[in-house]
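A.B. asks: I would like the atomic coordinates for the input below:
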Amino acid sequence: MMSSADFRLAELLSSRLCHDLVGPISAIGNGTELLQEMSPMDAEAVDLIASSAGQASSKLAFFRLAYGAAGERISTLEDIRPVIDNWLKEERLALQWPETGGDHLAGHKGKILMNVLGLARECLPRGGELQLSVLPEEASLVLDLQGHGASVELRDDTAQGLDKSISPDGLTPRNVHAYFTRQLVELQDGSLGLDANAKQSALEIRVTLPG
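C.D. replies: This is a model prediction of the structure:
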């Protein structure tokens, strides 16, 4: 299991990386807006640049909260909903937000939710629909994410990252997100369960955390 120092180091490195990239990518987006207004350049080419810059910006904003230290400041769903909505558009996912429970995400709970959404993205490679429930209980909080899509799968890489027997030496770019999510949940003394049913095209990710 990652130590708290290792985890903090990963958070700060992610924060630094996202911070350093946000400025240049935002400048590209602003530059394409000027080109669209002033330049006779091919409109399709400018639109492609603008779209790519927008995608990169949405992903960076999401990763900054999911992986970086800024995610610790999340306390409600409203703190992260705009960032998640923008990210979902790029990932071909639609999310039905809960009507209740959105004020119980202090600590690392909001950060965990964002990483759970990242897990769902890995299990729905062709996109799909998600339904989130935030269920405050007497001594715990349950984050329940139900998903459906044309293709539901638990990739070997994702399963490896969720397996408690994996060592840091076995980590790769393809399994590290699942590993990071599991570690984040376990550092908060929580539990994580994932059920990907390919036959029924159904997915459920359920996280239980101390209240």
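A.B. asks: and the pLDDT at the residue lying closest to Thr181 once chain neighbours are set aside?
C.D. replies: Using CB to CB, 6 or more residues apart in numbering and skipping the chain neighbours, the partner closest in space to Thr181 is Asn115 (4.1 Å). Yep, even glycine has a C-beta here, placed from its N, CA and C like the rest. Asn115 is assigned 95 on the pLDDT scale.
A.B. asks: which residues touch Asn115?
C.D. replies: 66, 177, 180-181, 184 (CB atoms under 8 Å, 6 or more residues apart in numbering).
A.B. asks: closest to Lys164 among those residues?
C.D. replies: Proximity of the contacts of Asn115 to Lys164 (CB to CB) peaks at Thr181, which lies at 12.8 Å.
A.B. asks: where does the closest one fall, phi/psi-wise?
C.D. replies: Phi and psi for Thr181, reported as degrees, to the nearest 10, are phi -60, psi -50.
A.B. asks: which residues touch it?
C.D. replies: Contacts of Thr181 (CB under 8 Å, 6+ apart): 112, 115-116, 118-119, 161-162, 192.
A.B. asks: show me where the protein has its strands.
C.D. replies: In the chain, the strands defined using DSSP state E lie at 93-96, 128-136, 140-148, 191-197, 202-210.
A.B. asks: how about these, which one is nearest Pro168?
C.D. replies: Using CB to CB, the nearest of those to Pro168 is strand 191-197, at 18.7 Å.
A.B. asks: buried sites along that closest one?
C.D. replies: Across strand 191-197, burial judged by 16 or more other CB atoms under 10 Å covers 192, 194, 196.
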